[in-house]
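> Requesting a structural model of the entry that follows:
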Amino acid sequence: MSSIALFHAYGDAATEAAALAVLRSGQIASGPKVAEFQLALQAWLGLPHAVTTTDMSSAMLLALHGCGVSTGDEVLSPAYTCMSSASPIANLGAKPRWVDVDPDTGLLDPAALRSRITARTKACVAYHAAGYPAAMPAIAAICQEHGIALIEDCNSALGARLHGQAVGAWGDAAVYSFYPNRQVNGIEGGAVAWRDPMKAQSAQRLRRFGIALSGFRDTLGEINAASDIAEVGWSAAPNQLNSAVALAQLPTLGTRLLATRVNAEGLAARLTGLPGLTVVARGHGAEPSYWGLLVLAERRDAVLAGLKRRGVMASKLHHRIDSYTGFAADPVDLPGTAAFLERVVALPCGHWLDATGLDHVAAALTQALQETQD
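Numbering: from 1, shown residues only. Sure thing, here's the model as predicted:
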């Protein structure tokens, strides 16, 4: 069998047709598909105040800014995450305050979160790592108790649910990604969903330099000299091509998510009882979207190398970003993060794999584990 990729950039005939239609229309930068995708996404999420953006980092920046984060503030964040999630903290002149994770799940530890709050803490970013929902009831309660804004990082968790409720509905804001390897491939793209409709309206303006499109141009199509930009924003508005491609994939998203869950559960069953391996448990009431199936392996680096030699492109997903000096964050011991990152492996389990592919992943992992025990 050829190598099995961890991720898959989804595309189908509808995706190709949507892209071609936009390219032929000449309306590439802006056009009706931008608004159509935003409305369709709001309906799919059940979150009526979602605003689409050029990419996930822009969505996170708008979320942090809308929560009042600015120079000198602190933002609670796990160190087991990606730069696309954390870099906007530094871009706004704030500092991340690293919070430890549960060593067995890689998700924010509510007790550790509480211990890291200071008078300068403005917001908390709760990452649903690899599509596994974090402990949102406890995290939300702590943030509410301390008056801290809560942002859910759903960049790989589109479609995940917790206690019957979609992730993204627990916080003040939620951020999504439509990068090619996510559940919806928009070529690039992101979104921020707000609880407060006024903040959504602000984000709608700020994603395009702060321009309020209504009244910005006169009857001749020229910029209206009487219009004002009260707050200068960013260049973060999505284009017509990305929006059309993402929009074309929403009708099949539910089917693909279900197939991925079935695959993840089937792969987990194949791996149960293997010596030196633990399948990461999903939390109580959690329905992950499974960006990958997470397992914990003894002698992980050797196991990972063995998998890749056998054509299974597994990964540890993230590097500890608290190692980067550019954040200028206060150093802190994160034993849970260290323990998790020493053992975690993300395995392919997406909807594109059939039973033969899952069998190959399981066999490759079994052999890789045996090699480490010989």
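> Any idea how many residues pack against the nearest residue to residue 96 once chain neighbours are set aside?
Distances taken as Cβ to Cβ, 6 or more residues apart in numbering put residue 77 closest to residue 96, at 4.6 Å, once the chain neighbours are dropped. Yep, even glycine has a C-beta here, placed from its N, CA and C like the rest. Using other Cβ atoms under 10 Å, residue 77 is surrounded by 28 other residues.
> distance of residue 77 from residue 90?
Residue 77 sits 11 Å away from residue 90, going by Cβ to Cβ, to the nearest Å.
> Same question for residue 364.
For residue 364, the distance to residue 90 - Cβ to Cβ - is 39 Å.
> of those two, who's got more company?
residue 364 (22 against 17).
> Residue 176 in helix, strand or coil?
State at residue 176, reduced to three classes by DSSP: H, G, I helix; E, B strand; the rest coil: strand.
> let me fix that: residue 122
Using three-state DSSP, the structure places residue 122 in strand.
> Which residues are in contact with the closest residue to residue 79 other than its chain neighbours?
Spatial nearest neighbour of residue 79, excluding adjacent residues (Cβ to Cβ, 6+ apart): residue 322 at 3.9 Å. Residue 322 sits next to 79, 96, 98, 329, 331-332, 334 when contact means Cβ atoms under 8 Å, 6 or more residues apart in numbering.
> Kindly reformat the residues you listed as JSON lines containing distance to residue 317 and neighbour count.
As requested, the contacts of residue 322 are arranged in JSON lines below (distance: Cβ to Cβ, whole Å; neighbours: other Cβ atoms under 10 Å):
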{"residue": "79", "distance to residue 317": "13", "neighbour count": "24"}
{"residue": "96", "distance to residue 317": "18", "neighbour count": "25"}
{"residue": "98", "distance to residue 317": "17", "neighbour count": "26"}
{"residue": "329", "distance to residue 317": "21", "neighbour count": "22"}
{"residue": "331", "distance to residue 317": "23", "neighbour count": "8"}
{"residue": "332", "distance to residue 317": "21", "neighbour count": "14"}
{"residue": "334", "distance to residue 317": "16", "neighbour count": "22"}
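> helix or strand for residue 47, which one?
Under DSSP states H and E, no helix or strand contains residue 47.
> For it, give me the pLDDT.
On pLDDT, residue 47 comes in at 96.
> Make sure it is actually in contact with residue 193.
Yes - assessed by Cβ atoms under 8 Å, residue 47 is found in contact with residue 193 at 4.2 Å.
> which of the two has more neighbours?
residue 193 (29 against 20).
> for the more buried one, helix, strand, or coil?
Applying three-state DSSP: residue 193 is strand.
> Check residue 37 too.
Once three-state DSSP is applied, residue 37 turns out helix.
> Equivalent analysis for residue 97, please.
Counting by three-state DSSP, the backbone at residue 97 sits in strand.
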